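Participant: Need a 3D model of the following:
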Amino acid sequence: MKKVLFILLACMPLFLSAKDKKDNSNPKYLAGAVTLTDGKVTFNYELKAPALSQKEIYTQMLNWANERFKPEGDLQSRVVYSNEEKGEIAATAEEYIVFSSSALSLDRTRIYYQLFIYPKQGACNMEMTRIRYWYDENRDGGERYTAEEWITDDMALNKKKTKLAPICGKFRRETIDLKDELFKSAAEALGVHALNAPQTVPAATLQPATPAVVPSTGGELKNITFEQLPENLSEIAASGRITLTANDEEIDLKADNWGGFGKLFNKNVAYLLVDQNRIAINAVMEHSDTYQISFYTEGSTQPGVVIECKKSMAQKMSADELKSLNQSIDTTKSYTMYMGEITNVQIR
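Facilitator: Okay, the predicted model is just below:
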């Protein structure tokens, strides 16, 4: 359970930081921005320098790599292989990605990756791959995981692939930014930044495989798939009503208690944020292994959508930790985050 709690905090999206990144719908970070090669997250880039020979490109890129990848403190980055005849340079990197930083807190992860450089006549191919992370290392050793687990489209985007998901969004965003910075720096080393700086990847226009179902005010509840859930649950909660049912007790929630969906270990999950001063809700959840989240459309006395969950974890969160959340939360309060694996979905 402790491991899962660390993973949860690792994957929560960025809300406020020195970089002030708030746009989770930027196409740069959406569908197609992270690619897989032989099952591994891999970023490829070609630098074109038609006026330069292979030897000139090799020399400049080796100089750049030796300057870019060198040990610093306990971070062990270095060029590990170079062969001018074959046109090959390889470097291993260990550095920090900073998600947010203030006088009171520092949220960052170590990132490890390998960079392969292939100079040729008039051009140079680059490949960034074998990416992994070590997050929250100062808290009981932290947690380690790979890019394939946390930043792929399935893990880090919402169902429609139109926004970064509440889970793992900040890792995907910062890794893409690091990749762009890396390729741009290499391009500038060859003096070709004006010709072919890194390009952003437009989001693909995707249609859901299964059309969403619109809740009605009458009829019986029927089972649907997770993919058929309506996209406007937040609006339903704001204009209508949202409740929590556990141990046969139904309690009203506020619209801002609804945190949305995500994925954890490839399972669909839903999460709630509950003010710790709401003693009744926290008491019920503390003693419940399963629960339901019900959404009532405006004026309806029957729930239009019911989401059944199996409680995965409960995590108390400080104001600093809440700054990682991508929604409007009162950071003067203390919250408990409840995350539950979705076991069934019904709609009226």
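
Participant: Can you identify each of the helices in the stretch 101-250 of the chain by residue range?
Facilitator: Taking DSSP state H, counting those that start in this stretch to define them, one finds helices in the stretch 101-250 of the chain at 147-150, 153-156, 169-189, 233-239.

Participant: which helices and strands sit right next to the third one?
Facilitator: When you say that, I think you mean helix 169-189. Using 3 or more C-beta pairs under 8 Å, 6 or more residues apart in numbering; DSSP states H and E as the contact definition, the elements that helix 169-189 packs against are helix 2-11, strand 40-48, helix 54-68, strand 88-101, strand 106-120, strand 123-135, helix 147-150, helix 153-156. C-beta here means a position set from N, CA and C on the backbone, and glycine is covered the same way.

Participant: possible to save those as JSON lines with mean pLDDT?
Facilitator: As requested, the helices and strands packed on helix 169-189 are exported to JSON lines (pLDDT from 0 to 100):
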{"stretch": "helix 2-11", "mean pLDDT": "45"}
{"stretch": "strand 40-48", "mean pLDDT": "92"}
{"stretch": "helix 54-68", "mean pLDDT": "95"}
{"stretch": "strand 88-101", "mean pLDDT": "92"}
{"stretch": "strand 106-120", "mean pLDDT": "93"}
{"stretch": "strand 123-135", "mean pLDDT": "94"}
{"stretch": "helix 147-150", "mean pLDDT": "91"}
{"stretch": "helix 153-156", "mean pLDDT": "88"}
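
Participant: could you dump those to TSV with distance to residue 304 and mean neighbour count?
Facilitator: As requested, the helices and strands packed on helix 169-189 are exported to TSV (distance: least, C-beta to C-beta, whole Å; neighbours: other C-beta atoms under 10 Å):
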stretch	distance to residue 304	mean neighbour count
helix 2-11	29	18
strand 40-48	39	18
helix 54-68	55	17
strand 88-101	37	18
strand 106-120	38	19
strand 123-135	38	19
helix 147-150	33	21
helix 153-156	28	20
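
Participant: For residue 338, find the nearest of these.
Facilitator: The minimum distance between residue 338 and the helices and strands packed on helix 169-189 falls on helix 2-11, with 10.7 Å, by C-beta to C-beta.

Participant: What strands flank the following helix or strand past that closest one, and is each parallel or antiparallel?
Facilitator: Using DSSP states H and E, the helix or strand that follows helix 2-11 in sequence is strand 36-37. Note on strand 36-37: by DSSP bridges, its sheet partners are strand 40-48 (antiparallel).

Participant: Compare the helices and strands packed on helix 169-189 and give me the one nearest residue 330.
Facilitator: When those are ranked by distance to residue 330, counting by C-beta to C-beta, first place goes to strand 88-101 at 17.8 Å.

Participant: the inter-axis angle of that closest one versus helix 54-68?
Facilitator: For the pair strand 88-101 and helix 54-68, the angle between their directions (axes from the mean of the first three to the mean of the last three C-alpha atoms, to 10 degrees) equals 40 degrees.

Participant: helices or strands next to strand 88-101 in the packing?
Facilitator: helix 54-68, strand 78-83, strand 106-120, helix 169-189.

Participant: got TSV for these, with distance to residue 228 too?
Facilitator: Below are those laid out as TSV (distance: least, C-beta to C-beta, whole Å):
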stretch	distance to residue 228
helix 54-68	48
strand 78-83	49
strand 106-120	35
helix 169-189	24
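
Participant: ok so, going back, what about the helices and strands packed on helix 169-189, which gets the closest to residue 188?
Facilitator: Shortest distance between residue 188 and the helices and strands packed on helix 169-189, using C-beta to C-beta, is found for helix 54-68: 8.8 Å.

Participant: Could you check the angle that closest one makes with strand 123-135?
Facilitator: Counting by the same axes, to 10 degrees, helix 54-68 points 20 degrees away from the direction of strand 123-135.

Participant: Run through the neighbouring helices and strands of helix 54-68.
Facilitator: The elements that helix 54-68 packs onto, with contact taken as 3+ C-beta pairs under 8 Å, 6+ apart, are strand 78-83, strand 88-101, strand 106-120, strand 123-135, helix 169-189.

Participant: Residue 75 contacts residue 96, doesn't it?
Facilitator: Yes. A contact is recorded between residue 75 and residue 96 when judged using C-beta atoms under 8 Å, the distance being 7.3 Å.

Participant: list residues touching both of those two?
Facilitator: When contacts are counted by C-beta atoms under 8 Å, 6 or more residues apart in numbering, residue 75 and residue 96 have residue 110 as shared neighbours.

Participant: Between the helices and strands packed on helix 169-189, which one is closest to residue 253.
Facilitator: helix 2-11 (20.0 Å).

Participant: about what we covered before: quick one: closest of the helices of the stretch 101-250 of the chain to residue 250.
Facilitator: It's helix 233-239; of these, that one is closest to residue 250 (C-beta to C-beta) at 15.0 Å.

Participant: could you dump that closest one to CSV, C-alpha only?
Facilitator: Extracted C-alpha coordinates of helix 233-239, given in CSV (Å, rounded to 0.1, in the frame of the first residue of the first chain):
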residue,chain,number,x,y,z
LEU,A,233,-19.9,14.4,-15.1
SER,A,234,-18.4,17.5,-13.5
GLU,A,235,-21.1,19.6,-15.1
ILE,A,236,-23.8,17.2,-13.8
ALA,A,237,-22.3,17.4,-10.3
ALA,A,238,-22.2,21.2,-10.4
SER,A,239,-25.8,21.7,-11.7
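
Participant: Strands of the stretch 151-300 of the chain, start to end?
Facilitator: Residue ranges of the strands in the stretch 151-300 of the chain, as given by DSSP state E, counting those that start in this stretch, are 222-224, 241-246, 249-253, 258-264, 267-275, 290-296.
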